[in-house]
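A.B. asks: Sequence and predicted model, in that order:
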Amino acid sequence: KIRGKGGCIENKACTINVGHAGTIARFLTCFLASQKSGIFSMDGSEAMRKRPMHELLNCLEDLGCKVKYQGEKGCFPFILYTNGLFNKKIHIDARKSGQNISGILMQCPLLESDCEINFKNGTVSVPFIKMTLDMMRSFCKNNKLSYTFENNSIKLEKCSYKNENFSYEIEPDATAASYFMTLSQVVGGTCVIPGMKEQMLQGDIAYFDVLNTLGANITFGEDGLRSRQERPLSGGSFDFVDISDTFLTLAAISPLLSETLEIYGIEHTRKQETDRVSAMARELVKLGQDVTEKSDRLIIRPNLNKLISQSDNLYKNLEQRYKRSSCILNDSCTTVSRIMYQLQNFQKDKNVEVNSSNVIEYLSHIGLKLERMLAFIYTKNKVIRDEEREMKGNFAVIVVDGYELNHLKLDKKTCIEAKSLRDPLTGQLL
């Protein structure tokens, strides 16, 4: 339970560190600026100190808040001297973040009059601004909030927040759900995410449309969202301006796609915890991928063979959202690697020969139940005879039915050379 205080903070002089949290940095700063007779010292992590806040702080100063910078102007750390916000026509630069608008919007009912917010140069992540307005309606008296949203301007009629007890159900996190709906597309199986609906307040739910366009099978039912691998994902060109928090998830698995992927509308993410566009491009190049980086987009030409040989470089020392996204690709690589490793040990321990005709049978002996086998590598110098030819040395046998690998259609017993194939778990040559 959360007990409200009518919008007033009892401690009018305190120090707050927002850490890495950009959302808290914007929303909390706006809320503190609305307080009467307050002095608030604000700071953040080293990374947060590099993220510009001047667009929002300039707007708050225009509305009556005083800001004293303790370092670089427009950035953390700073001190807020607050005495409430004036009601006037509001102008704000929201080109880099729609959260600037949402932070101001949530203070408008406290002004108890009509309000107008203008952002003449447009904004990003419009669905999140609409989400803010819809949530505000649930917190307003009689669930009433009247507004117009057009021509880069929002006009709100006079309203006020509720002062009685009520319950509010918080939706599951659609951004976090993107990791799990993607995971099943690259490692197989089915993933069910309870509570997810096709129509949600959060704009990031639209990420499922992107996956379905790529070839996924994502449906909604009474049990929530169901993500099932239908076929290998392809490629395409997608605008992520309204769902930019999910672009890392798709970019992270791009080496596994069968066609070129273009992600655009993401320039504003260069000013987040890190320059997300450049950081993702840099890490993909380490994995042997052909990447074109432009100001607002990434164009990625997948190369699965190079991914396998470079997988020991898999997204190391990255910020939190990168780590969550890269876990998906890591799971895909290590799943195949563990199958190879365990089957080789099984052959050695049991003194049996595993080949393309009995590999599925022996998978069950090492505890794996798969609808289809992704890959299998035979031990060194073992002679393998398939229906067409005889080969010696290190090579991988792809045991799939119609699985596409680097635009090459492979039959169930096709063998391909992989002299530099490495185990992603150990980095050792296989």
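C.D. replies: Great, that's in hand. Numbers count the residues shown, from 1 in each chain.
A.B. asks: all helices of the stretch 101-250 of the chain, in order?
C.D. replies: In the stretch 101-250 of the chain, the helices defined using DSSP state H, counting those that start in this stretch lie at 126-139, 174-187, 207-214, 247-252.
A.B. asks: Show the pLDDT at residue 119.
C.D. replies: Here the pLDDT value assigned to residue 119 is 96.
A.B. asks: Now it: closest residue in space that isn't a chain neighbour?
C.D. replies: Nearest residue to residue 119 in three dimensions, chain neighbours excluded: residue 94, at 4.2 Å (Cβ to Cβ, 6 or more residues apart in numbering). From N, CA and C alone the C-beta is placed, and that goes for glycine too.
A.B. asks: Contacts only, for that neighbour.
C.D. replies: 55, 100, 101, 119, 121, 122, 123, 124 (Cβ atoms under 8 Å, 6 or more residues apart in numbering).
A.B. asks: wait, isn't the third one in contact with residue 131?
C.D. replies: Think residue 101. No: taking contacts as Cβ atoms under 8 Å, residue 101 lies outside contact range of residue 131: 11.5 Å.
A.B. asks: Give me the more crowded residue out of the two.
C.D. replies: The neighbour count for residue 101 versus residue 131, taken as other Cβ atoms under 10 Å, is higher for residue 101 (26 against 20).
A.B. asks: And the more buried one, how far from residue 186?
C.D. replies: Look at residue 101 and residue 186: by Cβ to Cβ, to the nearest Å, they are 36 Å apart.
A.B. asks: And residue 74, how far from residue 212?
C.D. replies: 41 Å.
A.B. asks: Residue 294 now?
C.D. replies: 26 Å.
A.B. asks: Tell me where the stretch 1-150 of the chain has strands.
C.D. replies: Here the stretch 1-150 of the chain has its strands, by DSSP state E, counting those that start in this stretch, at 13-17, 38-43, 66-69, 78-82, 90-91, 115-118, 147-150.
A.B. asks: Dump these into a markdown table; add mean neighbour count as well.
C.D. replies: Converted to a markdown table, the strands of the stretch 1-150 of the chain look like this (neighbours: other Cβ atoms under 10 Å):
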| stretch | mean neighbour count |
| --- | --- |
| strand 13-17 | 12 |
| strand 38-43 | 19 |
| strand 66-69 | 15 |
| strand 78-82 | 18 |
| strand 90-91 | 19 |
| strand 115-118 | 19 |
| strand 147-150 | 12 |
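A.B. asks: okay if I get those strands as CSV plus distance to residue 173?
C.D. replies: As requested, the strands of the stretch 1-150 of the chain are exported to CSV (distance: least, Cβ to Cβ, whole Å):
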stretch, distance to residue 173
strand 13-17, 24
strand 38-43, 26
strand 66-69, 32
strand 78-82, 29
strand 90-91, 29
strand 115-118, 26
strand 147-150, 24
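A.B. asks: Looking at these, which is nearest to residue 193?
C.D. replies: Nearest of those to residue 193, taken as Cβ to Cβ: strand 147-150 at 29.7 Å.
A.B. asks: so what secondary structure elements neighbour that closest one?
C.D. replies: Secondary-structure packing of strand 147-150 (3 or more Cβ pairs under 8 Å, 6 or more residues apart in numbering; DSSP states H and E): helix 126-139, strand 153-156.
A.B. asks: between those, which one is nearest to residue 278?
C.D. replies: Of all those, it is helix 126-139 that lies closest to residue 278, at 23.6 Å by Cβ to Cβ.
A.B. asks: other SSEs contacting that closest one?
C.D. replies: Contact partners of helix 126-139 among helices and strands, from 3+ Cβ pairs under 8 Å, 6+ apart: helix 99-105, strand 147-150.
A.B. asks: Of all the strands of the stretch 1-150 of the chain, which one comes closest to residue 220?
C.D. replies: Of all those, strand 147-150 sits nearest to residue 220, with 26.7 Å by Cβ to Cβ.
A.B. asks: Give me the sheet partners of the closest one and which way each runs.
C.D. replies: Paired strands of strand 147-150, with direction, are strand 153-156 (antiparallel) (DSSP bridges).
A.B. asks: Residues in contact with the partner strand: which ones?
C.D. replies: So strand 153-156 is contacted by 101, 105, 108, 114-119, 129, 133, 145-148 (Cβ under 8 Å, 6+ apart).
A.B. asks: Which member of those is positioned nearest residue 178?
C.D. replies: Nearest member of these to residue 178, counting by Cβ to Cβ, is residue 129, at 20.0 Å.
A.B. asks: okay but the closest one is in contact with residue 123, surely?
C.D. replies: Yes: judged on Cβ under 8 Å, residue 129 makes contact with residue 123 at a distance of 7.0 Å.
A.B. asks: Now the common contact residues for the two.
C.D. replies: 98, 101.
A.B. asks: Kindly state the pLDDT recorded for the closest residue to residue 86 other than its chain neighbours?
C.D. replies: Spatial nearest neighbour of residue 86, excluding adjacent residues (Cβ to Cβ, 6+ apart): residue 64 at 4.4 Å. At residue 64, the model reports a pLDDT of 94.
A.B. asks: which ones are touching residue 64?
C.D. replies: 83, 84, 85, 86.
A.B. asks: among those residues, who's most crowded?
C.D. replies: Counting neighbours by other Cβ under 10 Å, the top entry in those is residue 85, with 22 neighbours.
A.B. asks: That one and residue 18: what is the separation?
C.D. replies: 20 Å.
A.B. asks: Distance of the residue most central in space within the chain relative to residue 210?
C.D. replies: With distances taken as Cα atoms, centre = their mean, residue 246 lies nearest the centre of the chain, 3.3 Å away. Distance from residue 246 to residue 210, counting by Cβ to Cβ: 8 Å.
A.B. asks: same deal with residue 84?
C.D. replies: For residue 84, the distance to residue 210 (Cβ to Cβ) stands at 43 Å.
A.B. asks: need the contact list for residue 203.
C.D. replies: Residues in contact with residue 203, defined by Cβ under 8 Å, 6+ apart, are 125, 126, 127, 128, 130, 131, 174, 242, 243.
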